[in-house]
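Enquirer: missing the sequence, but the structure's below:
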């Protein structure tokens, strides 16, 4: 299930920018608009989960229906010849696909006796699925031969297989049957009180801001590599997922050794460094810079997003844990990448040339954004956190500590729950 879930996404998402540019003559703004559908799907996902899967139907059945419908949409999208007809189809697809990311997790967790130990071994198959999709595209040379319509058809076949297979998965009945979910519950707004803490507010706003340069990577890296003359660009990009797996294994140790603040800052610095490598690298003597920029994906993603999820989990405590994770996901993949996509497209159009784009000028901009976000984060974020009213709404005062940090004894509240 997990392998196919991410194989379906990786099979078309990575190369869509190149497909739109070469096959549909789309502008940079149109390419960003197509990738923006991910954010719109992320915003819609909680409503599909909260109003349908959590209340009325088993998760595996909803998963099956969404993937079968998605297969039809992907195949339909592959037959379009203009951006105007392609966009509404891919928008509808992403509104259906993004909720499946939560559904596969739900199906997994509900069957496990010890999710903390068992889930990573299952989730890593998703990353492997994404890698296999990229390698397959490179091996089949669809980028070089202008056959990227085949990526959507390959994804459609895999989505259909997963859709049928989903009905054979273990039963995962609705968790809130008979209960009425409110918009506040669905969007995780009950965790908004956590933002009263200055450090967590800084982290929250930094998470949104760092997703602005992230949109440049998602939207235009494959087009950039192909214009640079990198062969089998999609396969080369899969090195980023390989590094993601490696650094994910090191994350628990690094958090303990480095603390939350330094770990998050390293992730932000990696974003800036990656874009500098892209700005000055090429497919010739400086090809190593392009490779390092791609391999940095493991640090970029794990050191900020994974570490941030762990920080949020520890900060929110048991009562607000799920709501806080939902809120931060909505902020990053919803708001942050939405802003980034709206910004990236016009910038890429601004530096279009007769034979492609001035990528040096383009990549310097997200590098600068990442650098500014990192500096502000280092100045404003405090690694030591004390309890605030926002983190103790459910009980008496408790102390919440970031991984790898400790609140000095004299600063701890006097409470039997400390």
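Expert: Structure received. It should be emphasised that the depicted structure is a prediction, and the values quoted were computed from it without experimental measurement.

Enquirer: switch to C-alpha atoms for all contacts and neighbour counts from now on
Expert: Noted.

Enquirer: the domain parsing of this protein - what is it?
Expert: According to automatic domain parsing, the chain is divided into the following domains: 1-168, 187-404.

Enquirer: can you lay out those domains as TSV showing mean pLDDT, distance to residue 174 and mean neighbour count?
Expert: Below are the domains of the chain laid out as TSV (pLDDT from 0 to 100; distance: least, CA to CA, whole Å; neighbours: other CA atoms under 10 Å):
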stretch	mean pLDDT	distance to residue 174	mean neighbour count
domain 1-168	91	5	20
domain 187-404	84	16	20
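
Enquirer: go through the protein and flag its longest helix.
Expert: helix 239-280 (DSSP state H).

Enquirer: that one packs against which elements?
Expert: Judged by 3 or more CA pairs under 8 Å, 6 or more residues apart in numbering; DSSP states H and E, helix 239-280 is in contact with helix 115-140, helix 198-228, helix 287-295, helix 297-301, helix 307-329, helix 359-380.

Enquirer: mind checking which of those is nearest residue 56?
Expert: helix 307-329 (20.0 Å; CA to CA).

Enquirer: which is the succeeding secondary structure element to that closest one?
Expert: Under the assignment DSSP states H and E, the closest C-terminal helix or strand after helix 307-329 is helix 337-350.

Enquirer: tell me the strands beside the helix or strand following that following helix, with direction?
Expert: Next helix or strand after helix 337-350 toward the C-terminus (DSSP H and E): strand 352-353. Sheet pairing of strand 352-353 (DSSP bridges) gives strand 356-357 (antiparallel).

Enquirer: chain center to the strand it pairs with, what's the gap?
Expert: Centre-to-centre, strand 356-357 and its host chain are 27 Å apart (CA atoms, centre = their mean, to the nearest Å).

Enquirer: tell me which residues are up against it.
Expert: Under the criterion CA atoms under 8 Å, 6 or more residues apart in numbering, residues 227, 348, 351 lie in contact with strand 356-357.

Enquirer: hmm, back to that, the inter-axis angle of the longest helix of the chain versus helix 198-228?
Expert: Per axes from the mean of the first three to the mean of the last three CA atoms, to 10 degrees, the angle that helix 239-280 makes with helix 198-228 is 80 degrees.

Enquirer: what's the angle from helix 239-280 to helix 359-380?
Expert: Going by the same axes, to 10 degrees, helix 239-280 makes 110 degrees with helix 359-380.

Enquirer: correct me if wrong: residue 77 contacts residue 90.
Expert: Yes: applying CA atoms under 8 Å as the test, residue 77 and residue 90 come out as touching, 6.8 Å apart.

Enquirer: need the residues touching each of those two.
Expert: Here residue 77 and residue 90 have no joint contacts, going by CA under 8 Å, 6+ apart.

Enquirer: between the contacts of strand 356-357, which sits nearest residue 338?
Expert: residue 348 (15.9 Å).
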